[in-house]
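Undergrad: Let's see this in three dimensions:
(one chain, ligands or ions: 2)
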Amino acid sequence: MTGTANEQARKTAEGLVYATGFGNEHSSEAVPGALPLGRNAPQRAPLGLYAEQLSGSAFTEPRAANHRSWLYRIRPSAAHPPFVRVEPRAVRSAPFTECVPDPNRLRWNPLPAPEGPTDFLDGLWTLGGNGDATQRSGMAVHLYHANAPMERRVFSDADGELLIVPERGGLLLRTELGLLRAVPGEVALIPRGVRFRVELLDATARGYVCENYGQPFRLPDLGPIGANGLANARDFRAPVAAYEDVEGPVEVVNKFCGSLWTATYDHSPLDVVAWHGNHAPYVYDLRRFNVIGSISYDHPDPSIFTVLTSPSDTPGLAGVDFVVFAPRWLVGEDTFRPPYFHRNVMTEYMGLIEGAYDAKAEGFVPGGGSLHNMMSAHGPDRETFDRASAAELVPQKIDDGLAFMFETRWPLTLTAQARDAGHLQRGYDDVWQGLQRHFRP
Ligand SMILES: O=C(O)Cc1cc(O)ccc1O
Ligand SMILES: [Fe+2]
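TA: Ligands and ions are numbered 1, 2, ... in the order given. Purely as a prediction, here's the structure:
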């Protein structure tokens, strides 16, 4: 059954077309004539559709920060029964109060496989986070491990946008604004409040999610880098309109102020026939990232690898940055080339999509993750330090891995399940044991 569903999802995902460009005002209609011309809310919308605005920013925010889309749908979103609160499985939300913030360096193995059929939503497992969902500030780190498609089930998150980072298995994201395919090496973003369903392209799907309660992710400024580079705007892909005209019960799960609420609609809310605007999901292939780095000496700070940033109220101080360590050349002369030893006021959660990471010889595995909280000392492990200190400094291509970081201005507090997890590695500190003293005054 699921095999057939996955096969169908794969076929659908193969044929997808997209609109390109980051933050663009896209417009799209699945049926010719469905999109009104010249106005948003005609007295009667075309084809008997309902017009509805979905706002991701306050009406009055500056134009550059203003996010909204107009949706033309079979039924207005308002036509739904009351929501009732449900117990979340392993989803938790900010404020995180189950644990005391922990300064220790922590590392986890991948999330274990679920027992029994588990869809994306049921497979979501929160590691921790910061801020407060009701204040629209902070972020949460979730992982997921799913083996079943969401069936007659739709999710939306009023608390924040969701940056999905697949590590194993492809996803077909059926959103209100259309369909996206996201496979390992790509990331997908679902804006706040946009409803979506996750289908699987493979038997299982595993990955990471950054739930960003704060300002929507945007491209970082480039400063002296110039007008091009890092993640180029044209490489972001938004869906084109695609609707389902489905009657009958569909469960809609709404994450609101940290709780999950559910209502059974008598139709699918993925019934948007046309839309225009800039509050839209997107996918981005991390291998398109244009890596800028040192071509003389020294290891630059990883801010140079920022794909997306969610600014906070202090310029330069991100609520959360999404950073990728993509394939690149290392050519620094008289330089210790891997990440340096450091203590950072920012908090770093790292994950690995594929292969290995140049600061860790072993133990940091695809699907796993590490947390280096505010000011926690970390850097290359002993083996990496010894190797890189003695390496011959010929040009070296780093192309055996794809790692990423969610870097946040606030310390990250764990959930109880992350603190007590069987897949938490014991003895992570040992990777920095045995670093010899070499001091020769
Ligand atoms: O800790 C890490 O591996 C992330 C990181 C990478 C780097 O190149 C420099 C600093 C830094 O925090
Ligand atoms: Fe670091």
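Undergrad: In space, not sequence, find me the middle residue of the chain.
TA: For the chain, residue 163 is the residue whose C-alpha lies nearest the centre (CA atoms, centre = their mean; 1.9 Å).
Undergrad: Doesn't it belong to a helix?
TA: No. Counting by DSSP: H, G, I helix; E, B strand; the rest coil, residue 163 falls outside a helix, being strand.
Undergrad: Pull the contacting residues for it.
TA: Applying CB atoms under 8 Å, 6 or more residues apart in numbering to residue 163 gives the contacts 187-189, 209-212, 217, 308, 322. In short, each C-beta sits where N, CA and C put it, glycine included.
Undergrad: Could you list the domains of this protein?
TA: Domain ranges of the chain: 2-35+47-286, 289-425, per automatic domain parsing.
Undergrad: Let me have these in CSV, adding distance to residue 41 and mean pLDDT as columns.
TA: As requested, the domains of the chain are exported to CSV (distance: least, CB to CB, whole Å; pLDDT from 0 to 100):
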stretch, distance to residue 41, mean pLDDT
domain 2-35+47-286, 5, 97
domain 289-425, 31, 96
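Undergrad: Of all those domains, which one is nearest ligand 1?
TA: Minimum separation from ligand 1 across these (CB to the nearest ligand atom) falls at domain 289-425, 3.5 Å.
Undergrad: Show me which residues of the stretch 301-441 of the chain sit near ligand 1.
TA: Residues of the stretch 301-441 of the chain that fall close to ligand 1, judged by CB under 6 Å from any ligand atom: 301-302, 339, 342, 344, 348, 359, 372, 378, 405.
Undergrad: Can I get the buried part of those residues as one PyMOL selection?
TA: Here is the PyMOL selection string for the buried members of these, based on 16 or more other CB atoms under 10 Å:
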select buried, resi 302+339+344+348+359+372+378+405
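Undergrad: what is residue 199 paired to in the beta sheet?
TA: Counting by DSSP bridges, residue 199 is bridged to residue 172.
Undergrad: ok, residue 246 - contacts?
TA: Residue 246 touches 267-268, 270-271, counting by CB under 8 Å, 6+ apart.
Undergrad: Look up how far residue 385 lies from it.
TA: 57 Å (CB to CB, to the nearest Å).
Undergrad: can you check residue 365 too?
TA: On the measure of CB to CB, residue 365 and residue 385 end up 20 Å apart.
Undergrad: Compare the two (neighbour count), which wins?
TA: Between residue 365 and residue 385, counted using other CB atoms under 10 Å, residue 385 has the larger neighbour count: 20 against 17.
Undergrad: Need phi/psi at the residue lying closest to that one once chain neighbours are set aside.
TA: For residue 385, ignoring the flanking residues on the chain, the nearest one in space by CB to CB, 6 or more residues apart in numbering is residue 435 at 6.3 Å. Dihedral angles of residue 435 (phi, psi; degrees, to the nearest 10) stand at phi -70, psi 110.
Undergrad: distance of residue 435 from residue 264?
TA: Applying CB to CB, the value for residue 435 to residue 264 is 58 Å.
Undergrad: what residues does stretch 397-406 touch?
TA: If you take CB under 8 Å, 6+ apart as the criterion, stretch 397-406 is touched by 139, 141, 165, 185, 208, 210, 286-287, 302, 320-330, 348-358, 364.
Undergrad: before we move on, the earlier item: going by neighbour count, which of the contacts of residue 163 comes out on top?
TA: residue 212 (30 neighbours).
Undergrad: and it, what is it in contact with?
TA: Counting by CB under 8 Å, 6+ apart, residue 212 touches 139, 160-163, 310, 319-320.
Undergrad: what's the spacing between the longest helix anywhere in the chain and its chain's center?
TA: Across the chain, the helix with the greatest residue count (assigned by DSSP state H) is helix 2-14. Mean-position distance between helix 2-14 and its chain equals 23 Å (CA atoms, centre = their mean, to the nearest Å).
Undergrad: For it, which helices and strands make contact with it?
TA: Contact analysis of helix 2-14 by 3 or more CB pairs under 8 Å, 6 or more residues apart in numbering; DSSP states H and E lists strand 171-175, strand 178-182, strand 196-200 as its packing neighbours.
Undergrad: Quick check: the farthest pair among the contacts of residue 246?
TA: With CB to CB as the measure, no two of those lie farther apart than 267 and 270, at 9.5 Å.
Undergrad: out of the two, which sits in the more crowded spot?
TA: In this view residue 267 and residue 270 are compared by other CB under 10 Å, and residue 270 has more residues nearby, 24 against 17.
Undergrad: Please name the nearest non-neighbouring residue to the more buried one.
TA: Closest residue in space to residue 270, ignoring its immediate chain neighbours: residue 244 at 5.0 Å, by CB to CB, 6+ apart.
Undergrad: Could I get the phi/psi values of that neighbour?
TA: Here is the backbone geometry of residue 244 (degrees, to the nearest 10): phi -120, psi 140.
Undergrad: what sits against it?
TA: 174, 268, 270-271.
Undergrad: before we move on, what about residue 361?
TA: Residues counted as contacts of residue 361 (CB under 8 Å, 6+ apart) are 381, 383-384, 387.
Undergrad: again, only using 10 Å
TA: Under the criterion of CB atoms under 10 Å, 6 or more residues apart in numbering, the contact list for residue 361 reads 338, 380-387, 431.
Undergrad: any chance of the contacts of residue 163 in a markdown table, with secondary structure too?
TA: A markdown table is the format used below for the contacts of residue 163 (three-state DSSP):
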| residue | secondary structure |
| --- | --- |
| 187 | strand |
| 188 | strand |
| 189 | strand |
| 209 | strand |
| 210 | strand |
| 211 | strand |
| 212 | strand |
| 217 | coil |
| 308 | strand |
| 322 | strand |
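Undergrad: which residues of this structure fall in helices?
TA: Along the chain, counting by DSSP H, helices occupy 2-14, 382-390, 416-419.
Undergrad: closest one to residue 124 among those?
TA: Comparing those under CB to CB, the one sitting nearest is helix 416-419, at 11.7 Å.
Undergrad: And that closest one, how far out from the chain middle?
TA: The answer for helix 416-419 is 21 Å, by CA atoms, centre = their mean.
Undergrad: So which other helices or strands are in contact with it?
TA: strand 106-108, strand 124-132 (3 or more CB pairs under 10 Å, 6 or more residues apart in numbering; DSSP states H and E).
Undergrad: The closest residue in space to residue 381 that isn't next to it in sequence and ligand 1: what is the separation?
TA: Spatial nearest neighbour of residue 381, excluding adjacent residues (CB to CB, 6+ apart): residue 431 at 3.8 Å. Computed as CB to the nearest ligand atom, to the nearest Å, the residue 431 to ligand 1 distance reads 12 Å.
Undergrad: Many thanks, I have nothing further to ask.
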